[in-house]
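A.B. asks: Provided below are the primary sequence and the corresponding predicted coordinates.
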Amino acid sequence: MSILKGRSFLTLLDYTAEEILYLLNLAKKIKDEAKKGKIKRRFEGKTLALLFEKRSTRTRCAFETAFGEEGGHPVFLSTNDIQLGGKESLEDTARVFGRMFSAIQFRGFKQETAETLAKYSNIPVYNGLSDLYHPTQVLADIMTLQENFGGVKGKKLCYVGDGRNNVARSLMIGCAKLGIHFTVITPAELNPDEELRKKCAVFAQASGSIITVTPNTDGVLGADALYTDVWISMGEEEKRDERVRLLSRYQVNQQLMNMTAKKETIFLHCLPAVKGEEVTADVIDGPQSRAWDEAENRKHTIKAVMLATLT
Ligand code: CP
Ligand code: NVA
């Protein structure tokens with residue numbers, strides 16, 4: 001039985017550094033097994049509700065294939081299919097899910113929805129992205145760093161772009177907890193919020209991580225990895241003009257990659273990418289990019305979260 005059995009995975013704020021490392025070690029084991037063709041039946045007899053208010057390629061496919069290939073039964077439910085705070089209250093839907101499923105994956109707008117699902121279903125709920133956090137993404141990101149650099153403590157990850165979005169926020173928490181130096185390069189208008197920065201400062205103090213927020217692209221100097229995400233996250237489509245105006249000078253292109261002054265710097269992106277906006281095609285499709293390993297690692301890390309919390 002895992003030390004994490006029965007737990008939800010809603011934000012990395014709820015997990016200690018040791019617990020995050022436990023999940024990453026398990027993900028590595030799972031990946032090694034998968035490469036040897038050793039797929040087991042560890043989710044046999046279990047069911048997973050895959051609840052989506054927003055679109056997804058990687059997260060849905062990772063949960064669905066990781067669960068299904070080990071004998072589990074995933075059920076995809078978009079908000080067009082079910083009552084979710086519409087005709088039926090969210091609490092009631094959660095109570096019913098708790099009677100029919102072993103766990104719930106939720107992707108949507110409010111973090112509060114994921115929390116309410118967890119509270120009323122009494123089964124593990126996994127946050128597959130909310131407006132505030134994207135914790136399963138960050139497990140895959142850190143796994144990819146580990147694969148490239150071995151230990152991640154003391155490495156420098158630079159996030160360039162919308163500094164206040166779900167991915168940037170979750171990266172800040174993960175890096176602060178694991179002792180990874182984290183620099184957010186973003187215009188002041190898109191700075192991560194003070195409350196989160198204060199929380200992360202406490203984790204960083206304990207782990208030795210240095211967290212920096214700056215509008216200057218010079219901040220990439222010495223970075224082991226440059227990371228970016230879309231300028232316009234799902235649900236913010238009306239902000240397009242403003243974001244393009246604010247972020248155009250923060251594009252990750254080969255010139256910015258070279259500004260790290262390290263030839264071994266890798267490029268990461270959670271995907272989907274808008275090539276020609278936040279990153280140029282030559283960088284994401286080029287030799288420094290690890291975006292495709294990172295995408296694959298979504299599956300191994302998500303399987304690790306489900307194994308640890310369900311078996
Ligand atoms: N990175 C990620 O969450 O991708 P999807 O939106 O395709 O799930
Ligand atoms: N910040 C992006 C991440 C997509 C995986 C979004 O929320 O749309």
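C.D. replies: Arrived safely. Numbering: from 1, shown residues only. Ligands and ions are numbered 1, 2, ... in the order given.
A.B. asks: distance check, the residue of the chain most remote from its centre against Leu310.
C.D. replies: Distance from the centre of the chain peaks at Lys87, with 31.2 Å (CA atoms, centre = their mean). With distances taken as CB to CB, to the nearest Å, Lys87 is found 30 Å from Leu310. (C-beta placed from N, C-alpha, C; glycine too.)
A.B. asks: also Thr116?
C.D. replies: Distance from Thr116 to Leu310, by CB to CB: 21 Å.
A.B. asks: what does the protein put close to ligand 1?
C.D. replies: When proximity is defined by CB under 6 Å from any ligand atom, the chain lies next to ligand 1 at 56-59, 129, 137, 270-272.
A.B. asks: taking the stretch 51-200 of the chain, what residue is nearest to ligand 2?
C.D. replies: Asn165 (4.4 Å; CB to the nearest ligand atom).
A.B. asks: check the offset of the helix or strand encompassing Tyr22 from the chain's centre.
C.D. replies: Taking DSSP states H and E as the criterion, Tyr22 maps to helix 17-35. In terms of CA atoms, centre = their mean, to the nearest Å, the centre of helix 17-35 is found 15 Å from the chain centre.
A.B. asks: now that helix - C-alpha only, PDB.
C.D. replies: Written as PDB, here are the backbone C-alpha positions of helix 17-35 (Å, rounded to 0.1, in the frame of the first residue of the first chain):
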ATOM      1  CA  ALA A  17       9.000  17.500  -1.400                       C
ATOM      2  CA  GLU A  18       9.400  13.900  -0.300                       C
ATOM      3  CA  GLU A  19       5.900  13.000  -1.700                       C
ATOM      4  CA  ILE A  20       6.600  14.700  -5.000                       C
ATOM      5  CA  LEU A  21       9.900  12.800  -5.300                       C
ATOM      6  CA  TYR A  22       8.100   9.500  -4.400                       C
ATOM      7  CA  LEU A  23       5.800  10.100  -7.300                       C
ATOM      8  CA  LEU A  24       8.600  10.900  -9.600                       C
ATOM      9  CA  ASN A  25      10.500   7.800  -8.600                       C
ATOM     10  CA  LEU A  26       7.400   5.700  -9.200                       C
ATOM     11  CA  ALA A  27       6.900   7.300 -12.600                       C
ATOM     12  CA  LYS A  28      10.500   6.400 -13.600                       C
ATOM     13  CA  LYS A  29       9.900   2.800 -12.600                       C
ATOM     14  CA  ILE A  30       6.600   2.800 -14.600                       C
ATOM     15  CA  LYS A  31       8.400   4.200 -17.600                       C
ATOM     16  CA  ASP A  32      11.200   1.600 -17.400                       C
ATOM     17  CA  GLU A  33       8.600  -1.200 -17.200                       C
ATOM     18  CA  ALA A  34       6.600   0.200 -20.100                       C
ATOM     19  CA  LYS A  35       9.700   0.300 -22.300                       C
END
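A.B. asks: next SSE downstream of that helix?
C.D. replies: Counting by DSSP H and E, what follows helix 17-35 is strand 47-52.
A.B. asks: is there proximity between that following strand and ligand 2?
C.D. replies: No - with CB under 6 Å from any ligand atom as the criterion, ligand 2 is not reached by strand 47-52; the gap is at least 12.5 Å.
A.B. asks: going toward the C-terminus from that strand, what's the next helix or strand?
C.D. replies: Next in sequence after strand 47-52, counting helices and strands by DSSP H and E, comes helix 58-68.
A.B. asks: so what touches that next one?
C.D. replies: Helix 58-68 is contacted from outside by 43, 46, 48, 50, 52, 73-74, 76, 105, 107, 126, 128-129, 136-137, 271, 295, 298-300, 302-303, 306, using CB atoms under 8 Å, 6 or more residues apart in numbering.
A.B. asks: which of the helices or strands spans the residue farthest from the centre of the chain?
C.D. replies: With DSSP H and E as criterion, Lys87 is part of no helix or strand.
A.B. asks: residues contacting it?
C.D. replies: Lys87 touches nothing, counting by CB under 8 Å, 6+ apart.
A.B. asks: got phi/psi on Lys281?
C.D. replies: Let me fix one detail, which is that residue 281 is Ala and not Lys. phi -60, psi -40 (degrees, to the nearest 10).
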